[in-house]
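In: sequence first, then the predicted structure:
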Amino acid sequence: MAAEDVTPNRRRGGELRVVLGPATTGATTGFLGVLRMAPGEYVSEHYHPYSEEFLYVVAGALTVRVDGEPVELAAGEGLLVPKDVRHSVRNSTGEPAEAVFHLCPLAPRPELGHVDTEPLPAPAQPQPDVGGVR
């Protein structure tokens with residue numbers, strides 16, 4: 001599965017593509033995707049009541065706010081965001097950034113997977129399709 005074969009979603013900010021997940025490959029335990037962010041872009045604050053999130057920066061640099069505290073990540077660095085922990089991601093640099101993310105385990109239903117805690121940058125865009133009822 002190629003990231004370019006997945007429709008990007010910008011609902012929460014940045015460009016999110018779920019590459020390996022229930023909807024794309026039939027995954028049953030989690031999903032993996034790519035986050036691309038232009039300078040100044042951000043992913044709004046949210047948390048996952050059922051899943052841990054693993055974030056690994058492939059290119060550029062990102063600031064992840066974890067429970068309000070900034071964590072700076074450069075290419076080659078990763079971060080674990082535990083369940084129920086509020087977090088957001090921002091590209092505060094003048095260069096594009098790219099990260100890989102993985103969430104597991106899956107929520108019982110896709111709509112339960114994310115809880116948004118601030119306004120979304122693109123609320124009119126549909127919810128990302130990570131798959132049907134599990």
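Out: Nice, I can see it. In this text the structure is predicted, and so the values were computed from the model without any measurement.
In: show me where this structure has its strands.
Out: Assigned by DSSP state E, the strands in the chain fall at 15-20, 31-37, 42-47, 52-59, 61-66, 69-74, 78-81, 87-90, 97-104, 115-116.
In: for the fourth one, give me every contacting residue.
Out: Meaning strand 52-59. 35, 62, 64, 73-83, 87, 89, 96-104 (CB atoms under 8 Å, 6 or more residues apart in numbering). C-beta coordinates here come from the backbone N, C-alpha and C atoms, glycine included.
In: any idea of the mean pLDDT for that strand?
Out: Per-residue pLDDT values across strand 52-59 average out to 98.
In: so which bits of that strand are buried?
Out: 52-55, 57 (16 or more other CB atoms under 10 Å).
In: got the angle for that strand vs strand 61-66?
Out: 160 degrees (axes from the mean of the first three to the mean of the last three CA atoms, to 10 degrees).
In: picking up where we left off before, just put the strands of the chain in a markdown table and tack on distance to residue 130.
Out: Converted to a markdown table, those look like this (distance: least, CB to CB, whole Å):
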| stretch | distance to residue 130 |
| --- | --- |
| strand 15-20 | 5 |
| strand 31-37 | 5 |
| strand 42-47 | 14 |
| strand 52-59 | 13 |
| strand 61-66 | 21 |
| strand 69-74 | 23 |
| strand 78-81 | 17 |
| strand 87-90 | 18 |
| strand 97-104 | 9 |
| strand 115-116 | 15 |
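In: low-confidence regions, this structure specifically.
Out: Scanning the chain with the threshold set as pLDDT under 70 gives 128-129, 131-134.
In: repeat the analysis, applying 80 as the threshold.
Out: Scanning the chain for pLDDT under 80 picks out the ranges 123-134.
In: tell me the spacing between the residue of it positioned farthest from its centre and residue 38.
Out: Going by CA atoms, centre = their mean, the residue of the chain most distant from its centre is residue 94, 20.7 Å out. With the distance defined as CB to CB, to the nearest Å, residue 94 ends up 10 Å from residue 38.
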